[in-house]
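Participant: what follows is a predicted structure for the sequence shown.
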Amino acid sequence: MPFTVDAFHLARAQFAFTVAFHIVFPAFSIGLASYLAVLEGLWLWTKRPVFLDVYQFWLRIFAVGFAMGVVSGLVMSYQFGTNWSVFAKQAGAVVGPVMAYEVLTAFFLEAGFLGVMLFGMQKVGPRLHFAASCMVAVGTLISGFWILSINSWMQTPAGYTIAPDGRFLPESWLAIIFNPSVFVRFPHMILASYLSVAFVVGAVGAWHLLRNNKNAQARVMFGMAMWMAAIVAPLQIGMGDLHGLNTLEHQPAKIAAMEGSWEPRDGAPLTLFGLPDMREERTKWAIEIPHLSSLILTHSWNGRVPGLLEFKREDRPNAAVVFWSFRLMVGIGFAMLGIGAWSLWARYRKRLYESTWLQRTAVLMGPAGFVAILSGWVTTEVGRQPYTVYGLLRTVNSVAPIALPGVATSLAVFAIVYFFVFGSGVLILLRMMGKTPEHDEPEQQPQVPIRTAGIAPGPAAVHGGAQPQPAE
């Protein structure tokens, strides 16, 4: 079907535009909040001031990113009542309460302890301050769970009944919340957040190491980030495999689009590269590896892989978009795996902080995690089309009856405001990251020695670990 510029397609473009901005900042907050909690815990355990320096360096960056995430989320939520009011009416009885749970259990927790985290070090003491950091980190994880739960329900709906007027009504909240795909989507997203932040931290640490490889704070950043890359990247690839098995079971059309597969086949090849053509119903210029698609998706040499021709034309997602967004995500994932393995080799040779090529590559890979997140989001959401609630409510039947000029005007305003506000915010973040991390970062430092705060000295204090040392 040819693409036409109408109110429906502009409403989709506007939602995609705002979500693309929004998804980056919560992912950044999820990963960075946990990193901050780990840093403060290491500082309390080892008594090494370098961990507190790095904590203070990233705390201010976290505050800016958190605020940008809140703002972008507010704008996105209003669209449910404007451009997508029909969807809100039809699915609001399910979606609305779950989103309210996110606010009540997660956002209030984050916002309540964020003030203590930012300004309370001298007032509550190191231990309670660490507890506040942990509460913010837990809050971001709970928030991520609720958002992923409702998104997963839209992908794999369960626990509902349909009223005579077409509205979805909750029948079992347990089935809605713990729907068939939430247990793979949630950890997949959390690992993606951790991996993305690890590469941002690694890029910042590498940038400062290239300028001065004796900087203790930069060494801690780079060393910890490379450990995360080495550990989390293979975990994420394994979780991606489980995600693929779940998608094959519940959304076979999406799998067919991801594989560029038209005819259902036993022992299907993996198409490395090609150009799926929706009109001709074939993948042009395909480069294939025999049987590999079946082996990956079904864990069987001759397993059956679905094809798009099994589905009506109007029920097929855009294969070209899904095919290439999926490959971009997977390609970045394996590049991250390679960086993690490279760092282990450099660490084994005791050259981690002297390997300038590794550090330059880490700088270039800084934004790669967020590119992978956006690519994965495109794969997930475009692959769900033509439905908002998979198999039940079509996207074309979810849009509000708003005329083309109204949607076009709001999209233009969003574009201008977003590029100005969030462009400025990103520049501020980059300037903060570019500032050389130093000892005694000018945030609130404890005014009393840690011993007087009732904290027993850790093993590092016994062995002179109070001096800034690079993290190996």
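Facilitator: Happy to help now that I have it. All values reported here derive from a predicted model rather than from experimental measurement. Residues are numbered from 1 along each chain as shown.
Participant: next, count neighbours for Met76.
Facilitator: 16 (other C-beta atoms under 10 Å). All C-beta atoms are positioned from the backbone trio N, CA, C, and that covers glycine.
Participant: try Val417
Facilitator: Val417 has 11 nearby residues by other C-beta under 10 Å.
Participant: and the gap between it and Thr18?
Facilitator: 11 Å (C-beta to C-beta, to the nearest Å).
Participant: same deal with Val103?
Facilitator: For Val103, the distance to Thr18 - C-beta to C-beta - is 19 Å.
Participant: more neighbours, the two?
Facilitator: Set Val103 next to Thr18 and count neighbours by other C-beta under 10 Å: Thr18 wins out with 21 against 12.
Participant: pLDDT averaged over whichever strand or helix holds Thr379 - what is it?
Facilitator: Assigned by DSSP states H and E, Thr379 belongs to helix 368-384. The average pLDDT within helix 368-384 is 93.
Participant: buried residues in that helix?
Facilitator: 368-370, 372-384 (16 or more other C-beta atoms under 10 Å).
Participant: tell me which other helices or strands it touches.
Facilitator: helix 7-46, helix 121-155, helix 182-211, helix 252-259, helix 319-348 (3 or more C-beta pairs under 8 Å, 6 or more residues apart in numbering; DSSP states H and E).
Participant: and the next helix or strand after the fourth one, which strands flank it?
Facilitator: This means helix 252-259. Following helix 252-259 in sequence order, the next helix or strand is strand 265-266 (DSSP H and E). Here strand 265-266 is paired, per DSSP bridges, with strand 304-305 (antiparallel).
Participant: can you give me the domain boundaries for this protein?
Facilitator: For the chain, automatic domain parsing gives the domain ranges 1-180+403-467, 212-390.
Participant: just say which of those domains is most tucked in.
Facilitator: domain 212-390 (a mean of 19; mean count of other C-beta atoms under 10 Å).
Participant: picking up where we left off before, okay, the angle between the helix holding Thr379 and helix 252-259?
Facilitator: Between helix 368-384 and helix 252-259, the angle comes out at 130 degrees (axes from the mean of the first three to the mean of the last three C-alpha atoms, to 10 degrees).
Participant: quick check: next helix or strand after helix 368-384?
Facilitator: For helix 368-384, the following helix or strand on the C-terminal side (DSSP H and E) is strand 387-389.
Participant: that following strand packs against which elements?
Facilitator: Looks like strand 387-389 contacts helix 85-102, strand 393-394 (3+ C-beta pairs under 8 Å, 6+ apart).
Participant: wait, which of these is closest to Ser143?
Facilitator: Nearest to Ser143, of all the helices and strands packed on strand 387-389, is helix 85-102, at 5.6 Å by C-beta to C-beta.
Participant: list the helices and strands the helix or strand hosting Thr247 packs on?
Facilitator: Assigned by DSSP H and E, Thr247 falls within helix 216-250. Helix 216-250 sits against helix 49-78, helix 182-211, helix 252-259, helix 292-298, helix 319-348, helix 356-364, with contacts defined as 3+ C-beta pairs under 8 Å, 6+ apart.
Participant: can you list contacts of the fourth one?
Facilitator: Taking contacts as C-beta atoms under 8 Å, 6 or more residues apart in numbering, the residues outside helix 292-298 that touch it are 241, 244-245, 248, 255, 259, 261, 265-271, 300-305.
Participant: ok, now the third one?
Facilitator: Helix 252-259 is contacted from outside by 244, 247-248, 261-262, 268, 270-271, 276, 293, 297, 305-308, 310-311, 315-319, 322-323, 326, 379, 383-384, using C-beta under 8 Å, 6+ apart.
Participant: who's in contact with Phe113?
Facilitator: 132-133, 135-136, 139.
Participant: go on, Thr105?
Facilitator: Per C-beta under 8 Å, 6+ apart, neighbours of Thr105: 142, 146.
Participant: same thing but at 6 Å, please
Facilitator: Applying C-beta atoms under 6 Å, 6 or more residues apart in numbering to Thr105 gives the contacts Ile142.
Participant: could you do the one 4 residues further on as well?
Facilitator: For Leu109, the contacting residues are Gly139, taking C-beta under 6 Å, 6+ apart as the criterion.
Participant: and it, which of the three is it?
Facilitator: helix (DSSP: H, G, I helix; E, B strand; the rest coil).
Participant: and it, how far is that from Leu74?
Facilitator: 18 Å.
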